[in-house]
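Trainee: Predicted structure and sequence below. I'll ask about it afterward.
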Amino acid sequence: MSQEVVLKIEGMTCNHCKMAVEKALKAVPGVTGAVVDLEKKQATVTGSAKRDELVKAVEEADYTVVQ
């Protein structure tokens, strides 16, 4: 079942950060799409991956999920 999850992320300051978070999220099994908005400091992820798996991927990329 596909769902959309929005994560608020701290620590992103540049396009490199944005790309690193997108890459980390897209590597999670079940993710069909991940778009990071640097201005809003959030990621919108679609697919069947669980929220805790997405949070873990972001944290392993050295960023912090705040919501």
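Mentor: Yep, it's here.

Trainee: Now do the strands in the protein.
Mentor: With DSSP state E as the criterion, the chain has strands at 3-10, 31-37, 42-47, 64-65.

Trainee: if you average pLDDT over the shortest one, what comes out?
Mentor: Model confidence over strand 64-65 averages 98 on the pLDDT scale.

Trainee: That one pairs with which strands?
Mentor: Strand pairing for strand 64-65, using DSSP bridges, gives strand 3-10 (antiparallel).

Trainee: next one: the third one
Mentor: Applying DSSP bridges, strand 42-47 is found paired with strand 3-10 (antiparallel), strand 31-37 (antiparallel).

Trainee: ok, and for that strand, which residues are buried?
Mentor: Within strand 42-47, the residues that count as buried by 16 or more other CB atoms under 10 Å are 42, 43, 45, 47. C-beta: built from backbone N, CA, C; applies to glycine.

Trainee: To residue 24, which of the strands of the chain lies closest?
Mentor: Nearest to residue 24 among the strands of the chain is strand 31-37; the distance by CB to CB comes to 8.5 Å.

Trainee: outside of the closest one, which residues touch it?
Mentor: Contacting residues not belonging to strand 31-37 are listed as 2, 9, 12, 18, 21-22, 25-26, 42-49, 54 [CB atoms under 8 Å, 6 or more residues apart in numbering].

Trainee: let's go with 10 Å and repeat that
Mentor: Outside strand 31-37, the residues that touch it by CB atoms under 10 Å, 6 or more residues apart in numbering are 2, 4-7, 9, 12, 15, 17-28, 42-49, 53-54, 57-58, 63.

Trainee: sorry, back to before: format the strands paired with strand 42-47 as JSON lines; extra columns: mean pLDDT.
Mentor: Listed next are the strands paired with strand 42-47 as JSON lines, based on pLDDT from 0 to 100:
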{"stretch": "strand 3-10", "mean pLDDT": "97"}
{"stretch": "strand 31-37", "mean pLDDT": "98"}
